[in-house]
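Novice: sharing a model prediction with you, sequence too.
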Amino acid sequence: MLVLGLTTRQNIAALFFHTWVTNWIAGCNECLSIFQQNIPKTGGRLPAFFELDVTFPFGEHDRGDAAMIAFGTTHFLLASGNRARANEIWPLIDWCLKYTANRVTADGVVASESDELEGRFPSGPAYLSNSSLYYGALM
(Lines give C-alpha, C1' and ligand atoms only; values in the text may rest on other atoms or scores of the structure.)
Protein backbone atom coordinates (compact mmCIF):
# COMPACT_ATOMS: atom_id res chain seq x y z
CA MET A 1 0.00 0.00 0.00
CA LEU A 2 2.96 2.31 -0.49
CA VAL A 3 2.20 5.44 -2.45
CA LEU A 4 5.10 7.02 -4.28
CA GLY A 5 5.80 10.60 -3.34
CA LEU A 6 4.48 10.31 0.22
CA THR A 7 6.66 10.37 3.30
CA THR A 8 7.08 7.29 5.46
CA ARG A 9 4.79 8.84 8.08
CA GLN A 10 2.09 9.43 5.46
CA ASN A 11 2.41 5.85 4.20
CA ILE A 12 2.16 4.50 7.75
CA ALA A 13 -0.92 6.64 8.35
CA ALA A 14 -2.50 5.38 5.13
CA LEU A 15 -1.73 1.76 6.06
CA PHE A 16 -3.12 2.25 9.57
CA PHE A 17 -6.31 3.80 8.19
CA HIS A 18 -6.71 1.02 5.61
CA THR A 19 -6.25 -1.64 8.32
CA TRP A 20 -8.67 0.14 10.66
CA VAL A 21 -11.35 0.45 7.98
CA THR A 22 -10.92 -3.19 6.94
CA ASN A 23 -11.30 -4.34 10.56
CA TRP A 24 -14.26 -2.02 11.11
CA ILE A 25 -16.08 -3.41 8.06
CA ALA A 26 -15.37 -6.98 9.16
CA GLY A 27 -16.67 -6.18 12.65
CA CYS A 28 -19.85 -4.63 11.25
CA ASN A 29 -20.46 -7.66 9.05
CA GLU A 30 -19.93 -10.02 12.00
CA CYS A 31 -22.36 -8.01 14.12
CA LEU A 32 -25.00 -8.10 11.39
CA SER A 33 -24.56 -11.87 11.08
CA ILE A 34 -25.13 -12.27 14.83
CA PHE A 35 -28.28 -10.15 14.69
CA GLN A 36 -29.52 -12.13 11.68
CA GLN A 37 -28.91 -15.46 13.42
CA ASN A 38 -30.99 -14.25 16.37
CA ILE A 39 -34.10 -13.08 14.53
CA PRO A 40 -36.99 -14.42 16.63
CA LYS A 41 -38.72 -17.30 14.86
CA THR A 42 -41.94 -16.99 16.84
CA GLY A 43 -42.36 -13.23 17.02
CA GLY A 44 -41.18 -10.95 19.76
CA ARG A 45 -38.23 -8.62 19.82
CA LEU A 46 -34.57 -9.18 19.18
CA PRO A 47 -32.84 -10.50 22.30
CA ALA A 48 -30.45 -8.27 24.20
CA PHE A 49 -28.54 -11.11 25.86
CA PHE A 50 -25.70 -11.29 23.35
CA GLU A 51 -24.84 -7.61 23.73
CA LEU A 52 -22.93 -8.05 26.97
CA ASP A 53 -23.08 -11.82 27.34
CA VAL A 54 -24.69 -11.39 30.75
CA THR A 55 -28.18 -11.38 32.18
CA PHE A 56 -29.31 -8.00 33.35
CA PRO A 57 -32.68 -6.93 34.76
CA PHE A 58 -33.33 -4.07 32.38
CA GLY A 59 -32.97 -6.00 29.11
CA GLU A 60 -36.51 -7.28 28.97
CA HIS A 61 -38.14 -4.28 27.27
CA ASP A 62 -38.28 -3.25 23.64
CA ARG A 63 -36.00 -0.24 23.29
CA GLY A 64 -36.46 0.22 19.59
CA ASP A 65 -33.52 -2.02 18.70
CA ALA A 66 -35.18 -3.07 15.43
CA ALA A 67 -35.39 0.56 14.29
CA MET A 68 -31.76 1.13 15.30
CA ILE A 69 -30.58 -1.99 13.48
CA ALA A 70 -32.62 -1.19 10.35
CA PHE A 71 -31.21 2.33 10.18
CA GLY A 72 -27.60 1.35 10.79
CA THR A 73 -27.72 -1.68 8.50
CA THR A 74 -29.30 0.11 5.55
CA HIS A 75 -26.87 3.00 5.77
CA PHE A 76 -23.84 0.73 6.27
CA LEU A 77 -24.80 -1.37 3.25
CA LEU A 78 -25.50 1.66 1.08
CA ALA A 79 -22.10 3.11 1.99
CA SER A 80 -20.33 -0.19 1.33
CA GLY A 81 -21.89 -0.61 -2.11
CA ASN A 82 -21.74 -4.38 -1.61
CA ARG A 83 -24.88 -5.66 -3.34
CA ALA A 84 -24.12 -9.32 -2.60
CA ARG A 85 -23.82 -8.60 1.14
CA ALA A 86 -26.99 -6.51 1.01
CA ASN A 87 -28.86 -9.47 -0.49
CA GLU A 88 -27.48 -11.77 2.21
CA ILE A 89 -28.50 -9.48 5.05
CA TRP A 90 -31.86 -8.42 3.55
CA PRO A 91 -33.87 -10.82 5.78
CA LEU A 92 -32.59 -8.92 8.84
CA ILE A 93 -33.55 -5.54 7.37
CA ASP A 94 -36.94 -6.85 6.29
CA TRP A 95 -37.67 -8.32 9.73
CA CYS A 96 -36.62 -5.12 11.50
CA LEU A 97 -38.77 -2.92 9.26
CA LYS A 98 -41.83 -5.17 9.63
CA TYR A 99 -41.40 -5.44 13.39
CA THR A 100 -41.10 -1.67 13.72
CA ALA A 101 -44.00 -1.00 11.34
CA ASN A 102 -46.20 -3.03 13.68
CA ARG A 103 -45.27 -0.65 16.50
CA VAL A 104 -46.24 2.57 14.69
CA THR A 105 -49.07 4.36 16.48
CA ALA A 106 -52.07 6.02 14.83
CA ASP A 107 -50.08 9.27 15.04
CA GLY A 108 -47.24 7.75 13.00
CA VAL A 109 -44.83 7.53 15.94
CA VAL A 110 -42.95 4.33 16.78
CA ALA A 111 -44.00 3.04 20.20
CA SER A 112 -41.47 1.38 22.49
CA GLU A 113 -41.50 -0.04 25.99
CA SER A 114 -38.34 1.80 26.98
CA ASP A 115 -35.68 4.09 25.63
CA GLU A 116 -32.09 2.98 25.11
CA LEU A 117 -31.31 3.97 28.69
CA GLU A 118 -33.66 1.19 29.84
CA GLY A 119 -35.92 3.41 31.89
CA ARG A 120 -33.20 5.06 33.96
CA PHE A 121 -34.98 8.31 33.16
CA PRO A 122 -38.73 8.72 32.68
CA SER A 123 -39.93 8.34 29.11
CA GLY A 124 -43.34 7.94 27.56
CA PRO A 125 -44.77 5.14 25.40
CA ALA A 126 -43.16 6.49 22.23
CA TYR A 127 -39.59 7.61 21.74
CA LEU A 128 -38.83 10.16 19.02
CA SER A 129 -35.41 8.69 18.29
CA ASN A 130 -36.94 5.35 17.30
CA SER A 131 -39.31 7.10 14.89
CA SER A 132 -36.44 9.04 13.33
CA LEU A 133 -34.40 5.87 12.94
CA TYR A 134 -37.29 3.90 11.45
CA TYR A 135 -38.21 6.54 8.90
CA GLY A 136 -34.52 7.07 8.13
CA ALA A 137 -34.16 3.35 7.39
CA LEU A 138 -37.05 3.52 4.93
CA MET A 139 -35.41 6.27 2.91
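Specialist: Structure's in. What do you need?

Novice: count of residues packed around Tyr99?
Specialist: 22 (other CB atoms under 10 Å). (Glycine included, C-beta is placed from N, CA and C.)

Novice: that one and Ala66 touch, don't they?
Specialist: Yes: counting by CB atoms under 8 Å, Tyr99 does reach Ala66; the two are 4.4 Å apart.

Novice: between these two, which contacts overlap?
Specialist: Residues touching both Tyr99 and Ala66 (CB atoms under 8 Å, 6 or more residues apart in numbering): Arg45.

Novice: pLDDT wise, what is Gly72 at?
Specialist: Looking at Gly72, its pLDDT is 91.

Novice: same thing with His75?
Specialist: 93.

Novice: try Trp20
Specialist: So, for Trp20, pLDDT stands at 63.

Novice: which is the next helix or strand following the helix-or-strand element of the chain with minimal mean pLDDT?
Specialist: Across the helices and strands of the chain, mean pLDDT, DSSP states H and E gives its lowest value to helix 49-52, namely a mean of 54. For helix 49-52, the following helix or strand on the C-terminal side (DSSP states H and E) is helix 65-80.

Novice: now Trp95: closest residue in space that isn't a chain neighbour?
Specialist: Of all residues not flanking Trp95 in the chain, Ile39 sits nearest, at 5.0 Å (CB to CB, 6 or more residues apart in numbering).
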